[in-house]
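Chemist: from the sequence below, what's the structure:
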Amino acid sequence: RARTQHTRNANPSPLLTPPATAMAPLDDATAERFDPTMLHVAQQIAAMANGEDAINMMLDLYFGFLRRKTDFFASEKCKEAVLAAYQRQATIVEKANKGKAAEKLKASEKAGKAMEERLAREAAVEQQMRDEDDARKSRLKQAELDRKL
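Modeler: Have a look, this model is predicted:
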């Protein structure tokens, strides 16, 4: 019991105290260093979730860790820090989705233009075939008239 008390009162890492000002998020290349660890934890949580909401379990685990092992909740700014981190990531997703939507629209427009060009080429070929047919019929008709005379 004394050991547990000592662990809880140990000086938590001041690095996990929410900053007074908004921080820029880690760039993806830096954040990806932690992906194997995070995926390992996420897989274990998913296995434990047994069909329940694994995302909430993962968040509870992370915030429980912050509560038990850091002074994160000692600051009045912890809620702001969480919301700011959420907003930063949501903004990244929004920009990516807008980019994807723009790319999809561009691809759709390009496909539409290609379709129009193909239809125009096909219509030109069909018109040329009709013109050749008409010319052939005209020549045959003229040959028949010449033969009758």
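
Chemist: would you mind measuring the gap between the ends of stretch 26-41?
Modeler: 20 Å (Cα to Cα, to the nearest Å).

Chemist: which residues sit against stretch 38-49?
Modeler: If you take Cβ atoms under 8 Å, 6 or more residues apart in numbering as the criterion, stretch 38-49 is touched by Ala54, Met57, Met58, Leu61. In short, each C-beta sits where N, CA and C put it, glycine included.

Chemist: report the mean confidence score over the helix or strand containing Lys113.
Modeler: Remark: Lys113 resides in helix 78-148, with elements defined by DSSP states H and E. Across helix 78-148, pLDDT averages out at 89.

Chemist: cool, and stretch 64-71?
Modeler: 94.

Chemist: only the buried residues of it, if you could.
Modeler: Leu66, Thr70, Asp71 (16 or more other Cβ atoms under 10 Å).

Chemist: list the ones among the residues you listed that fall in helices.
Modeler: Among these, the members found in helices (DSSP state H) are Leu66.

Chemist: buried ones among the contacts of stretch 38-49?
Modeler: By 16+ other Cβ under 10 Å, the contacts of stretch 38-49 give Ala54, Met57, Met58 as buried.

Chemist: quick one: contacts for the last one?
Modeler: When contacts are counted by Cβ under 8 Å, 6+ apart, Met58 touches Val41, Ala42, Ile45.

Chemist: hmm, back to that, among the contacts of stretch 38-49, which are in strands?
Modeler: Counting by DSSP state E, those place none of their members in strands.

Chemist: buried members of the contacts of Met58 into PyMOL, please.
Modeler: Remark: buried members of the contacts of Met58, expressed as a PyMOL selection using 16+ other Cβ under 10 Å:
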select buried, resi 42+45
